[in-house]
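Participant: Got a predicted structure plus its sequence, pasted below:
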Amino acid sequence: MNTVRRVHDGDAGQGLVEYGLMTALTSALTLLWLVVFGGTLSDALTAIGQAIDQAAGG
């Protein structure tokens, strides 16, 4: 029974480490996506804003 407890106790911080790694990977991929597609995204949002302004008569 002690062997089972020792093996289980070694995994105490595993969940926190996994969440940290997932957060870091998500942040890195989001930053990469914004660097690669940021200009295109900006152009698309500008076009949408202009279309809304024209439709509203502004």
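Facilitator: Nice, thanks for sending it over. Numbering: from 1, shown residues only.
Participant: Could you report the separation of residue 50 from residue 43?
Facilitator: Separation of residue 50 from residue 43 (Cβ to Cβ, to the nearest Å) stands at 11 Å. Just so you know, the C-beta spots here come from the backbone N, C-alpha and C atoms, and that holds for glycine as well.
Participant: Need the overlap of contacts for these two.
Facilitator: In terms of Cβ atoms under 8 Å, 6 or more residues apart in numbering, residue 50 and residue 43 are not both contacted by any residue.
Participant: Report how many residues lie close to residue 20.
Facilitator: 11 (other Cβ atoms under 10 Å).
Participant: roughly how far is the host helix or strand of it from the heart of the chain?
Facilitator: Assessed by DSSP states H and E, residue 20 sits inside helix 14-55. The chain centre lies 8 Å from the centre of helix 14-55; the measure is Cα atoms, centre = their mean, to the nearest Å.
Participant: go on, stretch 13-27?
Facilitator: The chain centre lies 12 Å from the centre of stretch 13-27; the measure is Cα atoms, centre = their mean.
Participant: Which pLDDT value belongs to the residue sitting nearest the centre point of the chain?
Facilitator: Nearest to the geometric centre of the chain sits residue 26, at 3.8 Å (Cα atoms, centre = their mean). Listed pLDDT for residue 26 reads 98.
Participant: With residue 52 instead?
Facilitator: Residue 52 is assigned 96 on the pLDDT scale.
Participant: Give the burial count for it, as a bare number.
Facilitator: Residue 52 is flanked by 10 other residues according to other Cβ under 10 Å.
Participant: likewise residue 31?
Facilitator: Neighbours of residue 31 (other Cβ under 10 Å): 11.
Participant: how close does it get to residue 49?
Facilitator: 24 Å.
Participant: can you check residue 22 too?
Facilitator: Where residue 49 is concerned, residue 22 sits at a distance of 34 Å (Cβ to Cβ).
Participant: With residue 38 instead?
Facilitator: Distance of residue 38 to residue 49, given as Cβ to Cβ: 16 Å.
Participant: Right, I'll leave it there.
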